[in-house]
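A.B. asks: Quick check, what structure comes out for this input:
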Amino acid sequence: MFGIPGKSPVTLTDAAVRQVAKLMQRDGRFGLKIGVKKGGCAGMEYTMDYVDVADPNDEVVEQDGARVLIAPMAQMFLFGTEIDYETSLLESGFKFRNPNVTEACGCGESIKFKDVDELAAEQGKS
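C.D. replies: I've put the predicted structure just below:
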């Protein structure tokens, strides 16, 4: 497990809390699970799925009625990330402000992270 004991791996803005809580209530789900997978033009993509139960290895972040679960393989990549929910004239969606991202494609859907060893060293220092 990466990160700092007792510190949440991600934070949610008020807008993200409202949206996650609304989706959980509307669909009767346990929470929203966030992960990463290989893909996209920059190498990795975020994943988001509804879940009905937590995996024992998920990191669970609860804030004001919203519940976000971080998949085990994504925890070190997401540590320090702020999750927001933005609405504009053209689109609405979750936005990730992730200090571990070194590169993103033009569409913003695909990202590249720092080297795994570099991430582990940084998180061990904090």
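A.B. asks: pretty sure Leu69 contacts Ile34?
C.D. replies: Yes. In this structure Leu69 lies within contact range of Ile34 using C-beta atoms under 8 Å: 7.1 Å. C-beta: built from backbone N, CA, C; applies to glycine.
A.B. asks: between the two, which one's more packed in?
C.D. replies: For Leu69 versus Ile34, the count of surrounding residues by other C-beta atoms under 10 Å is larger for Ile34: 25 against 22.
A.B. asks: So what does the more buried one look like in phi/psi?
C.D. replies: Dihedral angles of Ile34 (phi, psi; degrees, to the nearest 10) stand at phi -110, psi 140.
A.B. asks: bridging residues for the residue nearest the centre of the chain?
C.D. replies: For the chain, the residue nearest the mean C-alpha position is Ile34 (4.9 Å; C-alpha atoms, centre = their mean). Counting by DSSP bridges, Ile34 forms beta bridges with Met48, Ile70.
A.B. asks: Quick check: it touching Val68?
C.D. replies: Yes. Applying C-beta under 8 Å, one finds Ile34 in contact with Val68, separated by 6.1 Å.
A.B. asks: overlap in contacts of the two?
C.D. replies: Val10, Ile83 (C-beta atoms under 8 Å, 6 or more residues apart in numbering).
A.B. asks: any low-confidence regions in this structure?
C.D. replies: 1-7, 42, 106-111, 114-126 (pLDDT under 70).
A.B. asks: Would you map the helices across it?
C.D. replies: 14-27, 75-78, 116-125 (DSSP state H).
A.B. asks: in stretch 80-89, what counts as buried?
C.D. replies: By neighbour count with 16 or more other C-beta atoms under 10 Å, stretch 80-89 contains the buried residues Gly80, Thr81, Ile83, Asp84, Tyr85.
A.B. asks: Contacts made by that stretch with the rest, please.
C.D. replies: With C-beta under 8 Å, 6+ apart as the test, stretch 80-89 has contacts from 9-13, 15-16, 18-20, 34, 68, 92-100.
A.B. asks: chain center to stretch 18-28: distance?
C.D. replies: Centroid displacement of stretch 18-28 relative to its chain, using C-alpha atoms, centre = their mean, to the nearest Å, is 17 Å.
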